[in-house]
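Colleague: got a predicted structure here, sequence first:
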Amino acid sequence: MQAPFSRTVFDLLREQAAARPDAPAAIFEDRTVTYAVLVARAAAVAGALAAEGVERGDRIALLSDNRPEWLEVFFAAASIGVVVTPFSTWSTVAELEFLLNDSEAELLFTLSKYGDRDYAGGVRGLIDAFKLHHLQDVIEIDGPAYAAYANHAPAETMPPGAGASAGDTLVTLYTSGSSNRPKAVPLMHYAAIENGFNIGERQALTSADRVLVSIPLFWSYGAVNALMASLSHGAAMVIQSRFEPAGAIDLIERHACTSIYTLPAMTNAILASPAFKPERTASLRTGVTIGSPMDVRRAATELGAAEICNIYGQTESYGNCCVTPHDWPLERRANCQGPPLPGVAIRIRDPDSDDILEIGEVGEIEVYGFLTPGYAGDSSKFNSETFADDGYFMTGDLGALNPDGSIVFAGRITEMIKRSGINVSPVEVEEALQSFPAVGLAGVTGVPDRDKGEIIVAFVVPRPEARTDIKALQKHCRDLLSSYKLPDHLFIRDALPLTPTGKILRRELAEEAMAAVADGDQSRT
């Protein structure tokens with residue numbers, strides 16, 4: 001597909017609206033929002049912002065689940081060069097105090113409440129207590145104040161230099177990492193468009209596609225991946241406010257979704273749902289996911305997204321920097337995370353010697369190309385230790401390059417287990433465990449040991465209605481893994497500690513492993 005001409009995100013929205021005004025841009029519950037309507041609504045919100053004196057370079061915050069109003073505020077800010085900072089709906093009021101101050105947001109668009117959290121009231125309480133240094137107002141997007149924004153006269157065409165430019169910051173996303181505070185990651189208009197378009201190309205998206213977006217738009221996986229891939233191809237996003245498996249199945253079936261943004265925990269939840277039947281997701285063709293080879297295979301064969309793409313990336317690299325092409329054979333897609341996207345380069349460095357490694361050697365993954373220009377706010381102090389002098393981003397991930405240039409992810413540097421002086425990747429052991437038919441999920445960690453330095457402790461969660469034969473699982477591991485990689489202890493659990501994204505909480509898993517070994521847990525091998 002031909003790449004879009006636009007270099008700013010609102011111009012891209014207008015470009016698609018000019019080409020297909022009546023085509024759906026977003027489908028949410030019983031609402032279909034066309035490209036033309038989304039342009040008009042965003043322009044109205046932008047007009048209200050401009051009337052209040054908000055201008056290029058100012059900052060606003062957005063706290064909401066997935067809904068059309070999220071898109072309206074996002075594109076409104078983009079149209080006048082305002083930086084939008086989406087916050088997670090899992091944030092507490094105490095966390096919002098840091099986020100609002102660090103982002104220097106002057107306005108907050110928020111749901112009045114989310115679950116049992118009174119966001120609007122909590123933030124207004126912070127204002128009244130003089131705990132917020134920049135925030136001036138709170139606009140509830142599910143209340144009458146926002147209705148006035150959405151019905152305002154549209155913003156006038158910005159004169160040259162007054163509106164957004166290609167190199168302006170589009171969005172600042174907060175991502176958790178090695179620090180005790182979330183890191184602020186600014187991302188630019190042109191790079192979001194180009195990288196997002198290339199992600200869509202790897203999926204072979206077209207304007208005929210309907211993309212299920214159950215993952216939060218406030219993540220990079222949503223804001224600069226699913227949104228940009230869909231928008232740059234004129235596709236329709238079928239939006240679920242928050243993931244729920246039976247609801248996701250209903251949306252796929254009702255709207256004949258052809259692409260899905262998923263994670264292993266989401267795929268497994270859909271497949272385990274009583275509402276799941278293969279014919280209900282038969283419209284799926286492509287999409288993206290992370291995970292082990294088994295996770296990719298399940299998404300392709302059981303969920304039905306036969307051309308699903310395996311991915312690697314992080315918020316700092318616009319969500320993804322490597323994606324497998326949709327038309328590679330499944331086993332090739334399952335066993336690597338793909339070649340770099342256009343405009344991206346990858347190298348592998350030995351974290352001990354600092355040497356650049358050869359093909360096939362495992363070391364730290366470093367990324368160059370479409371990257372954040374550097375952390376902002378409090379986390380800017382990490383820039384010197386995270387970005388090399390020649391511009392490469394030091395990811396903290398371990399991996400190796402294949403001869404064809406594709407990347408194979410091996411885990412986080414800090415997660416490596418050193419058993420009897422030999423490094424063992426927990427990801428490799430987890431993949432071996434999860435390839436056993438009765439295992440749905442596996443988590444592996446190290447526990448300090450007097451004789452071996454560390455021992456390997458594994459937890460497995462059986463698939464629904466499956467019985468895990470421990471002896472058969474042990475033999476399965478012996479067939480796949482070198483002896484020094486075999487788990488010293490193996491425990492069966494009903495669930496593992498997971499992040500909202502479905503990733504294993506390594507610290508909590510390590511704590512559980514130490515307690516289980518110390519207690520002589522009877523479910524071990």
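Modeller: Arrived safely, thanks for sending. Residues are numbered from 1 along each chain as shown.

Colleague: how near is Gly377 to Ala43?
Modeller: 30 Å (CB to CB, to the nearest Å). From N, CA and C alone the C-beta is placed, and that goes for glycine too.

Colleague: typed the wrong thing, it's Leu126
Modeller: According to CB to CB, Leu126 and Ala43 sit 31 Å apart.

Colleague: in terms of packing, which of these two has more residues around it?
Modeller: Set Leu126 next to Ala43 and count neighbours by other CB atoms under 10 Å: Ala43 wins out with 23 against 18.

Colleague: surely that one and Ala76 touch.
Modeller: Yes. With contact defined as CB atoms under 8 Å, Ala43 counts as touching Ala76 (7.3 Å).

Colleague: center of the chain - which residue?
Modeller: The residue lying closest to the centre of the chain (CA atoms, centre = their mean) is Tyr221, at 3.1 Å.

Colleague: how much space separates that one from Thr172?
Modeller: Note on Tyr221: its distance to Thr172, by CB to CB, is 16 Å.

Colleague: likewise for Leu473?
Modeller: Noted for Leu473: a distance of 45 Å to Thr172, by CB to CB.

Colleague: output the lowest mean pLDDT helix or strand found in this structure.
Modeller: Within the chain, judged by mean pLDDT, DSSP states H and E, the helix or strand with the poorest mean is strand 422-424; its value is a mean of 81.

Colleague: what's whichever helix or strand comes after it in contact with?
Modeller: Following strand 422-424 in sequence order, the next helix or strand is helix 426-434 (DSSP states H and E). Applying CB atoms under 8 Å, 6 or more residues apart in numbering, the contact partners of helix 426-434 are 292-295, 409-411, 415-417, 439-446, 456, 458, 460, 473, 476-477, 480-481, 485, 487.

Colleague: could you do stretch 171-186 as well?
Modeller: Counting by CB under 8 Å, 6+ apart, 59, 74, 83-88, 98-99, 102-103, 169, 187, 192, 218-220, 223-224, 314-316, 372-380, 382, 396, 414 sit against stretch 171-186.

Colleague: equivalent analysis for stretch 25-38, please.
Modeller: Residues outside stretch 25-38 that contact it (CB under 8 Å, 6+ apart) are 13, 16-17, 20-24, 41, 66-68, 71-72, 75, 210, 231, 234, 236-239, 241, 255.

Colleague: what about those residues, which are in helices?
Modeller: When those are checked against helices (DSSP state H), the matches are Leu13, Gln16, Ala17, Arg41, Pro68, Leu71, Glu72, Phe75, Leu231, His255.

Colleague: show me what contacts the fourth one?
Modeller: By CB under 8 Å, 6+ apart, the residues touching Arg41 are Val33, Pro68, Glu72, Ala150.

Colleague: and the second one, how many neighbours?
Modeller: So the one you mean is Pro68. Neighbours around Pro68, by other CB under 10 Å: 21.

Colleague: so Leu205 touches Ser259, yeah?
Modeller: Yes. The criterion here is CB under 8 Å, and Leu205 meets it with Ser259 at 6.4 Å.

Colleague: of the two, who's got more company?
Modeller: For Leu205 versus Ser259, neighbours defined as other CB under 10 Å are more numerous around Ser259 (32 against 25).

Colleague: which residues are in contact with that one?
Modeller: Contacts of Ser259 (CB under 8 Å, 6+ apart): Gln203, Leu205, Asp209, Arg210, Val211, Leu212, Ala235, Leu284, Arg285, Thr286, Gly287, Ala305.

Colleague: before we move on, what about Thr445?
Modeller: Glu415, Ile417, Pro426, Ile456, Val457, Arg506, Leu509, Ala510, Ala513.

Colleague: what's the pLDDT at Arg450?
Modeller: In this model, Arg450 is scored at 82, pLDDT.

Colleague: ignore the last one, Leu481
Modeller: Model confidence at Leu481, given as pLDDT, is 88.

Colleague: what about it, neighbour count?
Modeller: 18.

Colleague: quick check: it vs Val444, distance?
Modeller: Taking CB to CB, one finds Leu481 at 11 Å from Val444.

Colleague: got a list of what Glu55 touches?
Modeller: Listed by CB under 8 Å, 6+ apart, the contact set of Glu55 reads Ile80, Gly81, Val82, Ala162.

Colleague: just for this protein, where's the confidence low?
Modeller: By pLDDT under 70, the low-scoring segments of the chain are 158-161, 177-180, 500-501, 521-525.

Colleague: care to break it down by domain?
Modeller: 33-165, 416-519 (automatic domain parsing).

Colleague: Thr324 is nearest to which of those domains?
Modeller: Counting by CB to CB, Thr324 lies closest to domain 416-519 out of the domains of the chain; the figure is 16.3 Å.

Colleague: got a list of contacts for stretch 212-219?
Modeller: 62, 64-66, 70-71, 74, 86-89, 173, 221-223, 226-227, 230, 237-240, 242-243, 248, 251-252, 257, 259-263, 266, 287, 315, 501.

Colleague: return that stretch as CSV; C-alpha atoms alone will do.
Modeller: Coordinates of each C-alpha in stretch 212-219 appear next as CSV, following Å, rounded to 0.1, in the frame of the first residue of the first chain:
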residue,chain,number,x,y,z
LEU,A,212,-10.0,-5.4,17.2
VAL,A,213,-8.5,-3.1,19.7
SER,A,214,-9.1,-4.4,23.2
ILE,A,215,-5.7,-3.4,24.5
PRO,A,216,-5.7,0.0,26.1
LEU,A,217,-5.1,3.0,23.9
PHE,A,218,-3.0,4.6,26.7
TRP,A,219,-0.3,2.0,26.1
